[in-house]
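Enquirer: after the sequence you'll find the predicted model.
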Amino acid sequence: MSINMVHSTMPQSPRATIITDVVTIMWLLIASLVCTGVLAQECPGKTYPGGTNANSKTSSVLAVIEGSTIEACCAACAGRPACSAWTLLGTTCRVKAGDWKLAGAGSGATSGLRTATPTAPPNRLPTPPPVPLPKGIRNTLMIIVDDLRPELGAYGHNTTVTTNIDKLAAGGLTFTRAYVQYSFCAPSRNSFMTGRRPDRTTCWNFVNYFREPSIGSNWTSMPQYFKEHGVLTLGAGKLFHPGLPPNYDTPYSWSFGDASDPLNLKMPYVGPGDSGGAPNDPFLTQPGAVSGCVNKSGEAVDGDMTHWCSYNMTRLHEVYPEYGTEPLFDQQIASATIKQLQAAAKSPNPFFIGCGFHRPHLPFAVPSEYHALLPPTEQIKPPKFNRQPEGSSMAAWHPGGFGVPTSTYNVSCPQEQTKAYRKAYYAAVSFMDSNVGRVLDELDTLGLADSTTVIFMGDHGWQLGEMNEWRKMTNWELGVRVPLIIRCPWMPASHGVKTPALVEAVDLYQTIAALAGLPDPASGDDYPVQNVQGNSLLPYFLDPPTNGTGTIKKYAFSQFNKHNTESGPYGLQPWDPCTKCNFSEWDYVGLSLRDDRWRYTEWVKWDKAAHGPQWGVYGVGGGAELYDHEGDFGADMDVATDTINVAHEAQYADVVQTLSAALRQHFLGDH
């Protein structure tokens with residue numbers, strides 16, 4: 001059993017004094033011997049020769065697993081957030097929840113406690129200064145875009161005008177099969193910005209975040225890892241989700257007059273409303289907004305005024321001169337990033353700069369010139385498959401909401417409305433591309449392009465009417481597949497290459513650190529950084545695979561949780577994404593994987609008492625889903641659409657058996 005079970009309570013690895021190094025070593029030695037606070041060999045626990053072995057005042061058995069071993073039983077406990085104890089009698093493993101404690105001589109069983117973990121001293125040591133700056137560290141510019149699907153020119157699409165992104169891809173490595181671990185803003189960003197999967201961060205919606213004391217208050221986030229190695233870290237826009245963690249993880253992740261900021265720039269993180277513009281600016285649409293097209297004059301904006309709008313910028317400036325030349329949030333974020341690049345260029349330290357653009361998040365509110373780049377609305381292509389996949393689970397779908405076209409189960413959005421929204425989305429993508437271009441042009445102007453890795457990515461996928469689905473929040477292919485382009489000038493073998501290798505957003509932490517020349521965050525002596533999940537993709541920059549899944553991983557994993565509602569004509573509706581529910585309110589959990597050909601998902605009932613999936617229990621709304629993606633190379637969103645669930649066809653029984661076993665091995669393991 002690894003020490004991941006207790007990582008959230010470990011103190012931060014000190015670097016400043018011999019005394020703190022000794023403290024850290026002692027903690028690591030203790031943690032390396034502990035599965036659940038009981039010292040032993042292999043997967044720790046304690047064998048009792050007779051009698052009972054794990055007693056509880058209030059308890060429940062989460063699962064009974066036959067044919068188990070000590071290691072497998074302990075790992076099964078680690079894979080369930082609600083597990084507090086495990087017991088192995090013979091080959092029968094019982095994974096338990098409740099207030100357990102080891103007691104008495106017993107029947108030869110082996111058991112261990114998850115809750116008896118070493119805890120951090122009550123008085124934390126001061127945050128240590130950065131370690132000496134390693135030689136040869138390169139710059140990093142990370143651009144994260146909200147709600148962006150890989151329908152870009154660089155991916156073979158002509159539906160949008162993305163000149164600047166396409167230029168970036170021409171000099172970089174384009175991943176055509178990159179997947180997030182959760183198709184929702186906060187969980188996805190908490191995951192890839194910390195290098196941990198959602199069940200590790202315990203951020204599944206808008207309720208929790210990784211910095212909470214009982215979760216990962218001492219973790220080292222991705223930008224924080226750079227900062228603690230002396231790299232100047234600056235950020236603007238939506239990188240972490242607003243409020244999750246608070247203040248965009250300031251002061252942990254961002255430099256501000258500390259040792260990583262030798263020029264004492266003290267440039268604060270530029271969050272919503274901090275980038276300029278008048279107070280209460282109706283055109284300063286901020287992350288999380290579902291409207292923003294309201295206009296007092298009614299003559300500077302065209303659109304449906306709720307889901308999308310097209311600004312007449314000339315008239316807008318005439319009506320509202322006080323808003324200046326950049327009244328839109330993403331324009332201001334681009335300008336803030338440019339100022340940060342200019343300041344960082346003067347620093348003797350390398351930099352990590354994050355830039356988070358909000359469009360094409362709803363509302364699709366952009367200047368009219370980007371609508372003019374596209375054909376007339378009636379010529380916009382609708383999705384080929386606009387109904388739920390044949391044989392899919394009810395829990396897999398969800399209605400529109402959040403200001404997108406109202407959709408009803410098995411009743412598709414009208415085609416005219418669908419075309420209008422798709423065009424507005426494409427215009428928002430082109431608007432975002434123009435702001436990406438401004439930032440990249442400044443990088444060139446400053447002479448920094450050759451010394452800077454540029455990462456461009458979406459935070460999750462997006463559906464535009466396919467499968468009668470709008471926005472994100474699904475385990476379907478279009479909900480979890482994202483654009484990922486990384487340009488690393490000193491990796492010439494990767495330039496202009498597209499790779500179909502399966503990669504996950506959780507891989508980015510290790511990958512970006514490796515490309516910058518930092519020590520491996522997954523194998524250093526800093527305990528809060530150890531056990532970062534995912535894999536470094538560095539080998540793909542040296543020798544990019546051009547077919548198959550690649551050599552690093554066979555599967556990409558994603559998940560989503562749902563809640564029942566009882567309203568409407570369908571009675572039980574197990575498709576509420578429950579964005580502000582506690583995990584005790586969930587009814588279904590969808591666990592999904594993608595391999596070279598197939599997407600396989602199991603929507604199973606959620607055990608509200610034990611807080612874990614009930615494997616094989618599908619209920620009314622759940623079920624197994626298997627979708628064939630043979631011939632899906634990323635250049636056609638209709639081909640990428642999940643259309644027919646073949647999980648119950650006899651000819652694919654072996655496929656289902658193999659993928660179901662892989663799914664359970666992952667989610668029952670220490671993930």
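Expert: On my side now, so go ahead.
Enquirer: would you map the strands across the stretch 301-450 of the chain?
Expert: 301-303, 308-311, 351-357, 364-367 (DSSP state E, counting those that start in this stretch).
Enquirer: helix or strand right after the lengthiest helix in the chain?
Expert: The residue-count maximum for a helix in the chain (DSSP state H) belongs to helix 415-445. Later in the chain than helix 415-445, the nearest helix or strand by DSSP states H and E is strand 452-458.
Enquirer: okay, now the unreliable bits of the stretch 501-650 of the chain?
Expert: 524-530, 565-572, 574 (pLDDT under 70).
Enquirer: for it, just list every one of the strands.
Expert: Going by DSSP E, counting those that start in this stretch, the stretch 501-650 of the chain shows strands at 503-504, 556-565, 573-576, 588-594, 598-607, 612-613, 623-628.
Enquirer: burial count for residue 653?
Expert: A total of 11 residues lie near residue 653 under the criterion other CB atoms under 10 Å. Where C-beta positions appear, they are placed from N, C-alpha and C, glycine not excepted.
Enquirer: how close does it get to residue 666?
Expert: 21 Å (CB to CB, to the nearest Å).
Enquirer: what's the neighbour count on residue 249?
Expert: 24.
Enquirer: that one against residue 224, yeah?
Expert: Yes. Using CB atoms under 8 Å, residue 249 is in contact with residue 224, at 7.4 Å.
Enquirer: tell me the contacts of residue 147?
Expert: If you count contacts by CB atoms under 8 Å, 6 or more residues apart in numbering, residue 147 has them with 360, 361, 362, 458, 459, 460, 462, 471, 472.
Enquirer: quick revisit: can I get the strands of the stretch 501-650 of the chain in CSV including distance to residue 170 and mean neighbour count?
Expert: CSV is the format used below for the strands of the stretch 501-650 of the chain (distance: least, CB to CB, whole Å; neighbours: other CB atoms under 10 Å):
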stretch, distance to residue 170, mean neighbour count
strand 503-504, 20, 26
strand 556-565, 26, 24
strand 573-576, 41, 22
strand 588-594, 27, 25
strand 598-607, 30, 24
strand 612-613, 43, 26
strand 623-628, 32, 21
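Enquirer: now the ones you listed in CSV, with distance to residue 207?
Expert: Compiled in CSV, these are given as follows (distance: least, CB to CB, whole Å):
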stretch, distance to residue 207
strand 503-504, 23
strand 556-565, 11
strand 573-576, 14
strand 588-594, 15
strand 598-607, 15
strand 612-613, 18
strand 623-628, 27
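Enquirer: which of those strands sits closest to residue 214?
Expert: strand 612-613 (17.8 Å; CB to CB).
Enquirer: quick one: the closest one to chain centroid distance?
Expert: On the basis of CA atoms, centre = their mean, to the nearest Å, strand 612-613 sits 21 Å off its chain's mean C-alpha point.
Enquirer: helices and strands around that strand, which ones?
Expert: strand 598-607 (3 or more CB pairs under 8 Å, 6 or more residues apart in numbering; DSSP states H and E).
Enquirer: for residue 268, see how far away residue 434 is.
Expert: Residue 434 sits 26 Å away from residue 268, going by CB to CB.
Enquirer: more crowded one of these two?
Expert: Taking neighbours as other CB under 10 Å, residue 434 and residue 268 compare with residue 434 leading, 19 against 16.
Enquirer: the more buried one touches residue 369, doesn't it?
Expert: No. At 9.0 Å, residue 434 does not count as touching residue 369 under the criterion of CB under 8 Å.
Enquirer: so where do the strands sit in the stretch 101-250 of the chain?
Expert: 110-113, 139-145, 173-179, 232-237.
Enquirer: what's the closest of these to residue 414?
Expert: strand 139-145 (28.4 Å).
Enquirer: can you list contacts of that closest one?
Expert: By CB under 8 Å, 6+ apart, the residues outside strand 139-145 that reach it are 189, 226, 231, 237-239, 341, 344, 350-357, 359-360, 432, 436, 439, 443, 448, 451-459, 483, 512, 515-516.
Enquirer: can you tell me the centre-most residue of the protein?
Expert: Nearest to the mean C-alpha position of the chain, by CA atoms, centre = their mean, lies residue 188 at 2.1 Å.
Enquirer: in contact with that residue, which residues?
Expert: 180, 181, 182, 459, 460, 505.
Enquirer: the last one against residue 457, yeah?
Expert: I take that to be residue 505. Yes. With contact defined as CB under 8 Å, residue 505 reaches residue 457; the gap is 7.3 Å.
Enquirer: confidence score at residue 27?
Expert: The model reports residue 27 with a pLDDT of 32.
Enquirer: my bad, should have said residue 5
Expert: Residue 5 is assigned 32 on the pLDDT scale.
Enquirer: kindly report the same for residue 214.
Expert: 84.
Enquirer: cool, and the one 5 residues further on?
Expert: As predicted, residue 219 sits at a pLDDT of 92.
Enquirer: neighbours around it, how many?
Expert: 24.
Enquirer: can I assume it is in contact with residue 194?
Expert: Yes. Counting by CB under 8 Å, residue 219 touches residue 194, with 5.7 Å between them.
Enquirer: and the buried ones among the contacts of strand 139-145, selectable in ChimeraX?
Expert: To isolate the buried ones among the contacts of strand 139-145 in ChimeraX, judged by 16 or more other CB atoms under 10 Å, type:
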select :189,226,231,237,238,239,341,344,350,351,352,353,354,355,356,357,359,360,432,436,439,443,448,452,453,454,455,456,457,458,459,483,512,515,516
